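Engineer: what follows is a predicted protein model with its sequence.
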Amino acid sequence: MNMRYLAGTDSGKVSLQTEVSPDCGVVNLCPELPAGVLEDAVAELTWTMAEDEKLFMNGYQTWTHSPEMGKRDRMRGVDQVPGPIRKHFGLDRYGDYHFVSYSDKKGQSHGFSYCYFRKGDTYRLIGSLDETPGYTIFAYDSAAEKLTIRRDCAGVRHNGGRFHAFDLFFAQGGEREVFDAWFAAMGCRARQAPRLTGYSSWYNRYQNISDASVREDLEGYRKMLPKGGLFQIDDGWEPAVGDWLETDTAKFPEGLRGFAEECHGDGLRTGLWLAPFVCESKSAIYREHPDWLLRVNGEPWYCGCNWSGFYALDIDNQEVQAYLKNVFHRVLEDWGFDLVKLDFLYAAAPFGSERESRAARMARAMALLRQWCGDKLILGCGVPLMPCFGVVDYCRIGCDVSLDWDDKWFMRLIHRERVSTRQSIDNTIFRRQLNGRAFGNDPDVFLLRDENCTLTPAEKRKLAAANGCFSQILLCSDPVERYSAENRERYAWVQRLFDRAEEIKTEADNGLSIGFRLDGKRYSIRIR
C-alpha cells in the first residue's frame with residue numbers, strides 16, 4: 001500500500017510517499033525539514049474494512065469510552081450540547097474536544113497512539129512507537145476507505161534537519177502476537193508491580209469520609225483482605241482539592257499517619273488519592289497562588305465543573321514543582337502511604353508550547369511524578385495512556401463506574417468520559433491487551449452490596465467478571481461488614497476469579513461475552 005505524507009514548518013513543506021503493508025513492522029519517516037514552527041504532519045493511505053470487521057480506536061485518556069466499533073458506527077463529541085452549558089460545566093475540557101474535530105458521521109472515528117482492525121481472531125494493529133514529537137492521531141473513514149494519521153505537533157519550534165514525522169508499527173496476526181510485537185518494538189516493559197486486591201472508599205461514601213468511617217470500613221476489610229492487600233482512602237480527606245499538605249481537621253483531626261501505621265500493623269498496604277496537577281476554586285492554593293495556574297490566552301485554564309470548579313497548575317512553575325515534591329514527601333515518607341492514586345492528570349498538558357508537543361509535556365509530567373514518588377506505587381487515572389507506559393505501576397483504563405448501569409438519560413448526552421458502569425466494562429475488555437504490557441490495568445471497583453446501589457444482580461456479576469478477568473488491581477467499595485452470607489460467598493468467588501481464572505476468552509462478534517474456567521467449571525457471561 002502506498003502511504004503519502006506531508007510534513008513541514010512555516011518555512012517550507014515536503015510531500016513524500018512510502019510503501020507499507022499490514023505486517024511490515026517498523027516504519028520510521030524522518031524527513032529533512034527547514035527550521036521554523038512545525039505544522040501537523042499528515043499521512044494518508046487506502047485501508048479497506050470488511051462488513052463483518054471490527055475497529056478499535058484508543059480514546060484520548062483513561063476515561064474516554066473506547067469500544068470496538070462496527071464499520072458504520074458513529075463517534076460523538078460534545079457539539080450536541082448547547083454552547084452555554086458546555087462552557088459553564090467545562091464539558092469540552094475532559095477529553096480531546098478542544099483540539100480534535102468530531103464529524104458525528106457514521107463510519108468516521110479517531111483515536112490516539114494505537115488502533116486495530118479485527119476480523120475474527122486476526123488483528124491488524126497500527127501503533128505509535130514514540131509520542132514525544134506529538135500524539136499520533138488515527139482517523140478512519142469507512143465510506144472513503146481512508147486511514148489518516150496525524151502527528152499532533154503544530155506550534156513546536158524545529159531547529160532544522162530530521163524530524164520524526166511518524167514512528168509507526170504495523171502488525172497482523174493473533175491478539176497476543178501483534179501486541180507482544182508492538183511492545184517489543186517500543187522496548188517497553190511494565191513495571192514489576194504486585195497483583196493487588198483491596199478497598200477504595202469512593203463508591204459508597206464519596207467525599208463523606210472521616211477517621212471514624214474509614215476505621216469502620218477497615219474493621220470489615222481486615223477480615224477479608226489477604227496480607228499485602230490495599231486499603232485506599234479516596235477523595236475527601238483533604239481540606240480542598242489542591243491543598244494536600246494537611247488533612248481536613250474536622251474529618252481527620254489526628255491526621256493520617258496513625259491510620260497508615262494501623263493498616264501496616266494488620267499487614268495491609270495503604271493508598272491515598274490526590275489530583276496533583278489541579279486545584280479547585282475554593283482551595284487556598286487557588287486564592288493565594290494565582291501565579292501557579294496554567295494560563296491560556298491570559299486566563300486560567302478551566303478543567304471542568306467537579307468540586308467548586310477546578311483549574312490546571314503550571315508544571316513549568318518552579319514553585320509548583322517544589323510544592324508537589326513536598327506533598328509527595330509528606331504523603332509517602334511522613335505519613336507512610338505505600339501507593340498514591342493520582343487523578344485528573346490530563347490537566348498537566350492540555351496544550352504544548354514552542355518547546356515541546358502536548359504529548360511531550362504529558363510525558364514530562366509523568367516523569368516528574370515518578371521522580372517525586374521514587375519506587376512507591378503509582379496508580380494513574382484521568383490521563384492519556386501512552387505517556388504512562390512503563391512509568392506508572394497501575395493505570396485506570398476506563399471511566400468511573402456508576403451505582404447504576406448507564407447513568408441517567410440526559411447524562412448520556414455529554415462527553416465520552418462520563419460516569420457509566422456499562423462504558424467502564426467496555427474499556428476493561430477492549431483495553432485488556434495493555435494489562436501486564438504497559439502497566440497493571442485498573443478497571444475501577446466492583447460492587448456486590450444491596451444498599452445504595454441499583455445495579456441488578458446480573459449487572460453486578462458482569463462487572464465483577466470483567467474486573468476479575470482483566471486487571472492487576474481488584475478493588476471493592478462495599479461496606480463488607482454488612483454483607484449477607486450470600487454476598488460474602490460472592491466476594492470470595494470474585495477473589496478466586498482474580499487469582500485463578502484460566503482459559504479467559506472474549507467473544508465480541510455477536511454481542512459481547514466473557515468466557516473462563518474457574519474451580520473446574522466453564523463460565524460464559526454475556527455482557528450484552
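Structural biologist: Nice, thanks for sending it over.

Engineer: use CA for all of it now, contacts and neighbours both
Structural biologist: Noted.

Engineer: quick one, helices of the stretch 251-400 of the chain?
Structural biologist: Using DSSP state H, counting those that start in this stretch, the helices of the stretch 251-400 of the chain run over 257-265, 284-288, 318-329, 358-373.

Engineer: and among these, the most buried is which?
Structural biologist: Comparing those by mean neighbour count (mean count of other CA atoms under 10 Å), helix 358-373 comes out on top with a mean of 20.

Engineer: mind giving me the packing neighbours of that one?
Structural biologist: If contacts are counted by 3 or more CA pairs under 8 Å, 6 or more residues apart in numbering; DSSP states H and E, helix 358-373 sits against helix 318-329.

Engineer: swap in 6 Å and give it another go.
Structural biologist: The criterion is 3 or more CA pairs under 6 Å, 6 or more residues apart in numbering; DSSP states H and E, and there are no helices or strands that helix 358-373 contacts.

Engineer: which outside residues touch that helix?
Structural biologist: For helix 358-373, the surrounding residues in contact (CA atoms under 6 Å, 6 or more residues apart in numbering) are 132, 134, 135, 325, 349, 351, 352, 387.

Engineer: where's the last one relative to residue 70, distance?
Structural biologist: In other words, residue 387. 28 Å (CA to CA, to the nearest Å).

Engineer: okay, the two: which has more neighbours?
Structural biologist: residue 387 (24 against 20; other CA atoms under 10 Å).

Engineer: give me the nearest residue to the more buried one, chain neighbours excluded.
Structural biologist: Leaving aside its sequence neighbours, residue 387 sits nearest to residue 363 (CA to CA, 6 or more residues apart in numbering; 4.8 Å).

Engineer: quick check: that neighbour vs residue 158, distance?
Structural biologist: Separation of residue 363 from residue 158 (CA to CA) stands at 19 Å.

Engineer: can you tell me the centre-most residue of the protein?
Structural biologist: Closest residue to the average C-alpha location of the chain: residue 62 at 1.9 Å, with CA atoms, centre = their mean.

Engineer: do you know how far the nearest residue to it once chain neighbours are set aside is from residue 66?
Structural biologist: Spatially, and ignoring its direct neighbours in sequence, residue 62 is nearest to residue 397 (4.7 Å; CA to CA, 6+ apart). As for residue 397, its distance to residue 66 is 9 Å (criterion: CA to CA).

Engineer: higher neighbour count, those two?
Structural biologist: residue 397 (36 against 27).

Engineer: where do the helices of the stretch 1-150 of the chain begin and end?
Structural biologist: Under DSSP H, counting those that start in this stretch, the stretch 1-150 of the chain gives helices at 83-89.

Engineer: okay, strands next: where are they in it?
Structural biologist: With DSSP state E, counting those that start in this stretch as the definition, the stretch 1-150 of the chain shows strands at residue ranges 2-9, 12-19, 25-29, 32-33, 36-46, 54-57, 68-69, 108-112, 114-119, 122-128, 135-141, 146-152.

Engineer: residue 210 contacts residue 250, correct?
Structural biologist: No - using CA atoms under 6 Å, residue 210 is not in contact with residue 250; the gap is 8.1 Å.

Engineer: doesn't residue 3 make contact with residue 45?
Structural biologist: Yes - using CA under 6 Å, residue 45 is in contact with residue 3, at 4.7 Å.

Engineer: picking up where we left off before, which residues touch the residue nearest to the centre of the chain?
Structural biologist: By CA under 6 Å, 6+ apart, the residues touching residue 62 are 382, 383, 396, 397, 398.

Engineer: and residue 338, by the same measure?
Structural biologist: With CA under 6 Å, 6+ apart, residue 338 has these contacts: 269, 270, 271, 376.

Engineer: which non-adjacent residue is nearest it?
Structural biologist: Computed as CA to CA, 6+ apart, the closest residue to residue 338 that is not its neighbour in sequence is residue 270, at 5.3 Å.

Engineer: next one: residue 480
Structural biologist: Closest to residue 480 by CA to CA, 6+ apart is residue 220, at 5.6 Å.

Engineer: tell me, how many residues neighbour that neighbour?
Structural biologist: The number of residues packed near residue 220 is 16, by other CA under 10 Å.

Engineer: just want the angle from the helix or strand it falls within to helix 257-265.
Structural biologist: Element membership of residue 220 [criterion: DSSP states H and E] is helix 211-221. Helix 211-221 and helix 257-265 are oriented at 0 degrees to each other (axes from the mean of the first three to the mean of the last three CA atoms, to 10 degrees).

Engineer: what about helix 211-221, average pLDDT?
Structural biologist: The average pLDDT within helix 211-221 is 96.

Engineer: so what does the helix or strand just after that helix touch, helix or strand wise?
Structural biologist: For helix 211-221, the succeeding helix or strand toward the C-terminus, using DSSP H and E, is strand 230-233. Judged by 3+ CA pairs under 6 Å, 6+ apart, strand 230-233 is in contact with strand 196-200, strand 269-274.

Engineer: columns mean pLDDT on top of the ones you listed, output as a markdown table?
Structural biologist: Shown next, in a markdown table, are the helices and strands packed on strand 230-233 (pLDDT from 0 to 100):
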| stretch | mean pLDDT |
| --- | --- |
| strand 196-200 | 97 |
| strand 269-274 | 98 |
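
Engineer: can I get those strands in TSV with mean neighbour count and distance to residue 190?
Structural biologist: Output for the helices and strands packed on strand 230-233, formatted as TSV (neighbours: other CA atoms under 10 Å; distance: least, CA to CA, whole Å):
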stretch	mean neighbour count	distance to residue 190
strand 196-200	24	15
strand 269-274	24	20
